[in-house]
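Asks: Return atomic coordinates for the entry below.
(one chain, ligands or ions: 2)
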Amino acid sequence: MEYPHLDLPPNELAHFRQINEEFANKALDVTYNYLRDQHYLRTKGYKLTQDKNGSQTYQRTCPKSSFEEYLMTGVCETTIEELSYGIYTATTQDLRTVFALTFKEDFLDAAILQTCETQTEEDPGHWFGIKYARLQLHSIFHARDTVFSELSGTRKDAKGLRTLFQVRHTIDIPQLPPFPHIVRFDHDMGWLFSELPDGRVQFTIIGHLDPHGKMPAWVFNKMTPKKHASSCTMFSELMRLRRLVEAPRVDAHAVSDDSPKRCTMCTHITKHGKYCRCCGQITCKKCILIVSQPIQVTLDRVDPTKHLKHPMDEAIYCKACFKSPPRLIGSHSISLSKKSEGGELENTRKFIKSSSTDYALVSSSHSSSTTSRQNHSSFASSGRG
Ligand SMILES: [Zn+2]
Ligand SMILES: [Zn+2]
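Replies: Ligands and ions are numbered 1, 2, ... in the order given. A predicted model of the protein is given here:
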């Protein structure tokens with residue numbers, strides 16, 4: 001569906017930008033402090049509420065709300081360059097792809113409403129503008145949505161290590177009033193990715209979210225850590241998954257016939273082989289990876305007041321394409337490091353080299369999404385909220 005293109009005046013934008021900037025500075029400060037001293041969070045009133053799959057969740061009471069502030073952190077097996085490619089979104093299609101990969105079955109829709117600043121040669125992670133997101137925060141409550149200003153960019157610490165940040169702040173605008181059956185939520189959240197001396201990346205998700213509506217605070221406070229239990233894996237895989245989704249597709253019908261085939265990955269003979277949407281090679285069911293992604297069409301026919309689920313498509317890929325996507329897509333993948341003499345080509349080569357490292361493949365989250373997709377028509381009934 002289409003959302004209004006905003007044209008907010010400069011003074012309003014400057015106001016939102018300043019709020020984002022202040023939050024980014026606070027979030028960077030917290031991140032640098034606990035990276036230096038692990039006890040820092042305890043001195044600031046944060047309590048560890050979950051330690052799972054390599055990521056920790058801390059929560060603390062919020063002086064202005066019964067919804068707690070939270071901070072999630074963990075180390076990802078990826079690099080700043082990969083994450084910069086993974087999270088930078090300049091178009092609505094980019095945003096839908098990345099939100100579908102990060103929020104999985106909770107993703108309903110997203111759009112860019114106004115673009116004010118984009119990436120620069122010095123900072124390929126830089127962006128400022130207004131976005132819209134619709135999410136299913138909890139399966140038994142109404143869908144939530146929000147209009148927010150977003151600022152992202154890269155900062156260096158005293159040692160020259162980079163932190164990529166993306167901060168979001170909910171704003172009220174009359175141009176896009178709330179839809180019926182969708183509750184508007186408020187949030188002030190930051191996603192930070194700090195380069196560690198060993199080249200890996202420490203992620204931090206920090207901030208506050210008030211879901212509004214009828215969701216009790218104790219439900220939300222308890223559910224939040226669970227929602228983020230797989231963040232380490234998700235951020236580690238994000239760049240590869242995005243490259244798969246954005247790669248040109250092979251038409252599966254053009255290459256399919258019924259005879260038994262040999263799996264190109266493990267050499268198993270299979271009658272029910274699947275064709276990889278990326279390379280077209282036949283793959284047995286053990287060697288596939290299923291990736292959910294939004295259908296990239298304009299949904300003119302859908303009633304925006306009722307439409308709660310962005311139509312999703314599940315595409316099958318082989319593990320070889322996941323580990324080493326066939327080509328570099330997008331122009332925003334230029335290296336964040338200082339420009340080398342070889343210019344962009346040199347950086348591109350470096351990028352491909354760094355992304356061919358072999359990662360453990362965690363496919364359980366992908367296959368489990370098959371079942372959750374089946375309750376596709378779970379429209380909100382009255383009484384939820
Ligand atoms: Zn196989
Ligand atoms: Zn493939």
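Asks: The residue in the stretch 1-150 of the chain positioned nearest to ligand 2: neighbouring residues, count only.
Replies: Per CB to the ion, L101 is where the stretch 1-150 of the chain lies closest to ligand 2, at 17.8 Å. Quick note: C-beta positions are derived from backbone N, CA and C, even for glycine. Using other CB atoms under 10 Å, L101 has 23 neighbouring residues.
Asks: Tell me where the stretch 151-300 of the chain is predicted with low confidence.
Replies: Within the stretch 151-300 of the chain, the stretches with pLDDT under 70 are 252-258, 296-300.
Asks: Could you list the contact residues of it toward ligand 1?
Replies: By CB under 5 Å from the ion, the residues of the stretch 151-300 of the chain that approach ligand 1 are C263, M265, C266, H268, C284, C287.
Asks: Which members of the residues you listed are classed as buried?
Replies: For these, a burial check counting by 16 or more other CB atoms under 10 Å picks out C263, M265, C284, C287.
Asks: The first one contacts T270, correct?
Replies: Okay, so that is C263. Yes - with contact taken as CB atoms under 8 Å, C263 and T270 are classed as touching, separated by 5.6 Å.
Asks: okay, and the common contacts of those two?
Replies: Contact with both C263 and T270 is made by residues I282, C284, according to CB atoms under 8 Å, 6 or more residues apart in numbering.
Asks: in its sheet, what does the lengthiest strand in the chain sit against?
Replies: Within the chain, and with DSSP state E defining each element, the longest strand by residue count is strand 143-156. Sheet pairing of strand 143-156 (DSSP bridges) gives strand 127-135 (antiparallel), strand 162-170 (antiparallel), strand 182-184 (parallel).
Asks: Contacts for the second one, please.
Replies: Meaning strand 162-170. 16, 19-20, 23-24, 27-28, 31-32, 80, 83-84, 87, 125, 131, 146-157, 184-195, 336.
Asks: that older thread, so which bits of the longest strand of the chain are buried?
Replies: Judged by neighbour count using 16+ other CB under 10 Å, the buried positions of strand 143-156 are 143-155.
Asks: Give me the distance between that strand and the centre of its chain.
Replies: 11 Å (CA atoms, centre = their mean, to the nearest Å).
Asks: export it as CSV, just CAs?
Replies: Coordinates of the C-alpha atoms in strand 143-156 are reproduced here as CSV (Å, rounded to 0.1, in the frame of the first residue of the first chain):
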residue,chain,number,x,y,z
ALA,A,143,-1.0,-4.7,15.5
ARG,A,144,1.1,-1.6,16.4
ASP,A,145,2.5,1.1,14.1
THR,A,146,4.6,4.2,14.4
VAL,A,147,5.9,7.2,12.4
PHE,A,148,9.4,8.0,13.4
SER,A,149,12.3,10.2,12.6
GLU,A,150,15.5,8.2,12.1
LEU,A,151,19.1,9.3,12.2
SER,A,152,22.0,7.0,11.4
GLY,A,153,25.7,7.4,11.0
THR,A,154,29.2,6.3,12.1
ARG,A,155,31.3,7.6,15.0
LYS,A,156,34.9,6.7,15.9
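Asks: circling back to that earlier point, now secondary structure too, for the buried ones among the residues of the stretch 151-300 of the chain next to ligand 1, in TSV please.
Replies: Written out in TSV, the entries for those read as follows (DSSP: H, G, I helix; E, B strand; the rest coil):
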residue	secondary structure
C263	coil
M265	coil
C284	coil
C287	helix
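Asks: Could you identify the most distant pair in those?
Replies: The largest separation in these, counting by CB to CB, is between M265 and C284 at 7.2 Å.
Asks: The strands paired with strand 143-156 into JSON lines, with extra columns for distance to P9 and mean neighbour count?
Replies: Below are those laid out as JSON lines (distance: least, CB to CB, whole Å; neighbours: other CB atoms under 10 Å):
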{"stretch": "strand 127-135", "distance to P9": "12", "mean neighbour count": "22"}
{"stretch": "strand 162-170", "distance to P9": "18", "mean neighbour count": "23"}
{"stretch": "strand 182-184", "distance to P9": "22", "mean neighbour count": "20"}
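Asks: residues contacting C76?
Replies: Counting by CB under 8 Å, 6+ apart, C76 touches L83, F193, R200, V201, Q202, F203, C232, F235, S236.
Asks: Check which helix or strand the closest residue to the fifth one other than its chain neighbours maps to.
Replies: Excluding its sequence neighbours, the residue lying closest to Q202 (CB to CB, 6 or more residues apart in numbering) is S194, at 4.7 Å. Taking DSSP states H and E as the definition, S194 sits inside strand 186-195.
Asks: so what strands line up beside that strand?
Replies: Strand 186-195 is paired, per DSSP bridges, with strand 162-170 (antiparallel), strand 201-210 (antiparallel).
Asks: quick one: which of these is nearest Q59?
Replies: Among the strands paired with strand 186-195, if distance is taken as CB to CB, the winner is strand 201-210, at 10.5 Å.
Asks: Return the alpha-carbon coordinates of whichever helix or strand comes after that closest one using CSV.
Replies: Proceeding C-terminally, strand 201-210 gives way to helix 217-227 as the next helix or strand, assigned by DSSP H and E. Taking Å, rounded to 0.1, in the frame of the first residue of the first chain, the C-alpha atoms of helix 217-227 are listed here in CSV:
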residue,chain,number,x,y,z
ALA,A,217,3.2,-3.5,31.2
TRP,A,218,4.1,-6.8,32.9
VAL,A,219,3.3,-8.7,29.7
PHE,A,220,5.5,-6.4,27.6
ASN,A,221,8.3,-6.2,30.1
LYS,A,222,8.5,-10.0,30.3
MET,A,223,8.1,-10.6,26.5
THR,A,224,10.8,-8.1,25.4
PRO,A,225,13.8,-10.2,26.2
LYS,A,226,12.3,-13.3,24.5
LYS,A,227,11.8,-11.3,21.3
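Asks: Check the offset of helix 217-227 from the chain's centre.
Replies: Distance of helix 217-227 from its chain centroid, counting by CA atoms, centre = their mean, is 19 Å.
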